[in-house]
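Asker: Sharing a model that was predicted from the sequence below.
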Amino acid sequence: MNKSDILSRTEDYVRQKLEGEGTGHDWWHIHRVRSTAIQLGKKEDADPFIVELAALLHDIADHKFHNGNEEIGPETARKWLRQLEVKDSAILHICDIIRDISYKGSEVETPMKTIEGKVVQDADRLDALGAIGIARAFAYGGHKGRELYNPEIAPESHASFEEYKKSTGPTINHFYEKLFLLKDRMNTEAGRKEAEKRHQFMKEFINQFLSEWDGSFE
């Protein structure tokens, strides 16, 4: 099977699995991440086949929806790619990206081993920022039954992935625990520039949200 067919089959597979998902980890998240990753990959001279496949499969079985299982994503991707007879070296590379891509807590480093991994990680993190990032944060918070905001519950600093996975704070806390930290964790120059713009938009949103919180106005 040639690379074009592998990508086409994988797109169909991922879309069928994730279309209509309501937490912000749906097919359209994948679509945006792939598009962004392809753009970043061209700027960084990354392998386009690895970048696109990893972007398509990076959320195929997210640990958040599988009892915190960190290996189910790479394993699901591995099984699929073996069916398509993708080379073992490419499968290993893609599965490593899927395993390492996630944010794991404010005090946890998440370095990527290759430029392809850095590109896909930046693309995924950009989709957690800006207007789309705000919408996704509240979609996921609603799915988990979390409060919008509670001034009596302070944001936390998570020293391990296990601590981060157990977090149940209000959605607004998520901005301080993750989203506002992402711009300084981007890998590529183009990613950093775009992250800065989206970061500023989120800061404006949070300032407006907090100014409306107690119901008063001038």
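Answerer: It's in. The structure presented is a predicted model; accordingly, all values stated were derived computationally and were not measured.
Asker: per-residue confidence averaged over stretch 198-217?
Answerer: Stretch 198-217 comes out with an average pLDDT of 95.
Asker: what's it in contact with?
Answerer: By CB atoms under 8 Å, 6 or more residues apart in numbering, the list of residues contacting stretch 198-217 from outside reads 126, 129-131, 133-134, 149, 151, 172, 175, 179-180, 182-183. Every C-beta, even on glycine, is put in place using the N, C-alpha and C of the backbone.
Asker: could you pull out the helices for this protein?
Answerer: 3-18, 27-44, 48-57, 72-83, 88-100, 115-126, 130-143, 161-165, 171-177, 189-212 (DSSP state H).
Asker: Would you mind finding the most buried of these?
Answerer: The highest mean neighbour count among the helices of the chain, using mean count of other CB atoms under 10 Å, belongs to helix 115-126: a mean of 26.
Asker: Determine the set of other helices and strands touching that helix.
Answerer: helix 27-44, helix 48-57, helix 88-100, helix 189-212 (3 or more CB pairs under 8 Å, 6 or more residues apart in numbering; DSSP states H and E).
Asker: Just send the ones you listed back as JSON lines, with distance to residue 6 too.
Answerer: Output for these, formatted as JSON lines (distance: least, CB to CB, whole Å):
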{"stretch": "helix 27-44", "distance to residue 6": "14"}
{"stretch": "helix 48-57", "distance to residue 6": "7"}
{"stretch": "helix 88-100", "distance to residue 6": "9"}
{"stretch": "helix 189-212", "distance to residue 6": "26"}
